[in-house]
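Chemist: structure here, sequence nowhere to be found:
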């Protein structure tokens, strides 16, 4: 079945988009996340801009990239490859803005060794060494966390009696600035629940069944994306064929935000939040881009402006935001990559712009995008394609295809 041409209803669209990685909506092994046992950062993290002394991985060629994360300064990157079969479905990290990569799934005996159906990865900042803590989830699998930039991992779904025990169709994970607080959601054909942790992933709370939040986010939902503020206090989550929900107390209580411009059920696919939680941006598959600011306390549909390059319905799959909410970047499946420098008021199609068309030009199956805090660095991945990074100088973006650089 083709990805888009044979879609006849929302269910088929969702399966083709989020679950085609798993061969026709079949349940598969999924993500996991490891959790540190102490608050202190590991000493194993990279400490210089130069290439790591670890073996350099080859990320050349087409891969089923599903998610990418970036540190606040754009120096550290983490990306995952998903799918239901084949080799190379691993976690990769870079400590030099994508110049070289380390395959974290190859060490013998690692909790994440071998091929998994990775679907989402998140990265923390601890203020001393960047990107010290990572969390990743696999669709049809587990949650895993790392305290040392991906050198070692802990499977958080194997603890006896844990509410996240066993295989689940994890679709998204978020982590706080210090890595202590996490939030993850389960989606897919059967849907699932929303979970939070306040101790690096050691233990979890099911917020979809908790007394304080069940009235708003209770029951089974097709969760697709979750975002978190730096302090872990503010959360925002979206559901396919559903609503946008927010929390201001680490997930204890929730508010349904789907009124006004975002009223009704939409096929939400991705949501981004500024570090302070004051700005939000969300995209819907076969829908629009929407932005929110605390100062205005309202949502704005950015796809309705006359003559906008993002006008009309598009198959949006991912959106990223700078620390002040001014800069945005979003991608469309089997389409283009777009950026905004004025809070989403106007947009530029980077896939047709003169400065970038030679590298990212044309139609691609874009799946995930990440942005540095200052909005001047980007990283994006294509499902069944390549991994790209970009740096901005003035108003000009320079793109690099990292999948054409073979490992030495």
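Modeler: Right, received. Where do you want to start? Keep in mind it's a predicted model, so treat the numbers as computed, not measured.

Chemist: residue 330: which element?
Modeler: For residue 330, the enclosing helix or strand under DSSP states H and E is strand 328-335.

Chemist: which other residues reach that strand?
Modeler: 3-4, 17, 272, 281, 283, 285, 289, 291, 310, 314-322, 337-340, 343-344, 351, 363-369, 371, 378, 380, 383 (CB atoms under 8 Å, 6 or more residues apart in numbering). The way it works is simple: take the backbone N, C-alpha and C, and place the C-beta from them, glycine included.

Chemist: check which residues of it are buried.
Modeler: 328-333, 335 (16 or more other CB atoms under 10 Å).

Chemist: packing partners of the longest strand along the chain?
Modeler: Across the chain, the longest stretch assigned as strand under DSSP state E is strand 130-141. Using 3 or more CB pairs under 8 Å, 6 or more residues apart in numbering; DSSP states H and E, the elements in contact with strand 130-141 are strand 77-81, strand 91-94, strand 118-125, strand 143-146, strand 168-175, strand 182-186.

Chemist: that one pairs with which strands, parallel or anti?
Modeler: Note on strand 130-141: by DSSP bridges, its sheet partners are strand 118-125 (antiparallel), strand 143-146 (antiparallel), strand 168-175 (antiparallel).

Chemist: winner for burial among the ones you listed?
Modeler: Across the strands paired with strand 130-141, averaging neighbours per residue (mean count of other CB atoms under 10 Å) puts strand 143-146 on top, at a mean of 31.

Chemist: after it comes which helix or strand?
Modeler: Strand 143-146 is succeeded, C-terminally, by strand 154-155 (DSSP H and E).

Chemist: helices or strands up against that next one?
Modeler: Partner elements for strand 154-155 (3+ CB pairs under 8 Å, 6+ apart): strand 143-146.

Chemist: can you pull the pLDDT of residue 137?
Modeler: On the pLDDT scale, residue 137 is placed at 98.

Chemist: same question, residue 11
Modeler: 37.

Chemist: quick thing: my sequence starts at 122, can you match it?
Modeler: In the new numbering, first residue 122, that becomes residue 132.

Chemist: what helix or strand does the residue lying closest to residue 518 once chain neighbours are set aside sit in?
Modeler: Using CB to CB, 6 or more residues apart in numbering and skipping the chain neighbours, the partner closest in space to residue 518 is residue 511 (5.0 Å). Taking DSSP H and E as the criterion, residue 511 maps to strand 508-514.

Chemist: and if you look at residue 362?
Modeler: In this structure, residue 362 sits in strand 356-363 according to DSSP H and E.

Chemist: so which elements touch the helix or strand just after that strand?
Modeler: Where DSSP H and E defines the elements, the next helix or strand beyond strand 356-363 is strand 365-368. Secondary-structure packing of strand 365-368 (3+ CB pairs under 8 Å, 6+ apart): strand 356-363, strand 376-377.

Chemist: so where's this structure uncertain?
Modeler: 122-175, 247-252, 526-529 (pLDDT under 70).

Chemist: change it to 50
Modeler: For the chain, the stretches with pLDDT under 50 are 122-173, 248-249.

Chemist: centre of it to the edge, which residue is at the far end?
Modeler: Centroid-distance maximum for the chain: residue 427 at 30.0 Å, with CA atoms, centre = their mean.

Chemist: doesn't it lie inside a strand?
Modeler: No: under DSSP: H, G, I helix; E, B strand; the rest coil, residue 427 sits outside any strand and is assigned coil.

Chemist: measure it to residue 462 for me?
Modeler: Plainly put, residue 427 is 19 Å away from residue 462 if you go by CB to CB, to the nearest Å.

Chemist: partners of the strand holding residue 511 in the sheet?
Modeler: strand 498-506 (antiparallel), strand 517-522 (antiparallel).

Chemist: tally up the residues packed near the residue nearest to residue 361 when sequence neighbours are not counted, please.
Modeler: Nearest in space to residue 361, with sequence neighbours left out and distances taken as CB to CB, 6+ apart, is residue 343 at 3.9 Å. Counted with other CB atoms under 10 Å, residues neighbouring residue 343 total 25.

Chemist: was I right about residue 343 contacting residue 364?
Modeler: No: between residue 343 and residue 364 there is no contact under CB atoms under 8 Å: 11.2 Å.

Chemist: now the buried members of the contacts of strand 449-456.
Modeler: For those, a burial check counting by 16+ other CB under 10 Å picks out 124, 138, 393, 402, 404, 406, 410, 412, 431, 435-443, 458-461, 464-465, 472, 485-490, 492, 499, 501, 504.

Chemist: the stretch 372-521 of the chain: strands as residue ranges?
Modeler: Remark: strands assigned in the stretch 372-521 of the chain by DSSP state E, counting those that start in this stretch are 376-377, 387-394, 400-408, 410-414, 419-422, 435-442, 449-456, 458-461, 469-470, 485-492, 498-506, 508-514, 517-522.

Chemist: how about these in CSV, adding distance to residue 253?
Modeler: Below are these laid out as CSV (distance: least, CB to CB, whole Å):
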stretch, distance to residue 253
strand 376-377, 32
strand 387-394, 21
strand 400-408, 25
strand 410-414, 30
strand 419-422, 34
strand 435-442, 21
strand 449-456, 25
strand 458-461, 29
strand 469-470, 34
strand 485-492, 17
strand 498-506, 19
strand 508-514, 21
strand 517-522, 25
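
Chemist: tell me how far the nearest residue to residue 493 once chain neighbours are set aside lies from residue 510.
Modeler: What sits nearest to residue 493 in space, not counting adjacent residues and going by CB to CB, 6+ apart, is residue 195, at 3.7 Å. Residue 195 sits at a distance of 8 Å from residue 510 (criterion: CB to CB).

Chemist: what do these two both touch?
Modeler: 218, 498, 500.

Chemist: the first one is in contact with residue 498, isn't it?
Modeler: Yes: Residue 218 is in contact with residue 498 according to CB under 8 Å; the separation is 7.1 Å.

Chemist: the more surrounded of these two?
Modeler: residue 498 (24 against 21).

Chemist: distance of the nearest residue to residue 329 once chain neighbours are set aside from residue 181?
Modeler: Nearest non-adjacent residue to residue 329, counting by CB to CB, 6+ apart: residue 314, 3.6 Å away. Residue 314 sits 38 Å away from residue 181, taking CB to CB as the criterion.

Chemist: of these two, give the one with the bigger neighbour count.
Modeler: Higher neighbour count among residue 314 and residue 181: residue 314, with 22 against 15, using other CB under 10 Å.

Chemist: and the nearest residue to residue 459 once chain neighbours are set aside, what is it in contact with?
Modeler: Among residues not flanking residue 459 along the chain, residue 468 sits closest, at 4.8 Å (CB to CB, 6+ apart). Residues near residue 468 by CB under 8 Å, 6+ apart: 423, 429-431, 459-461.
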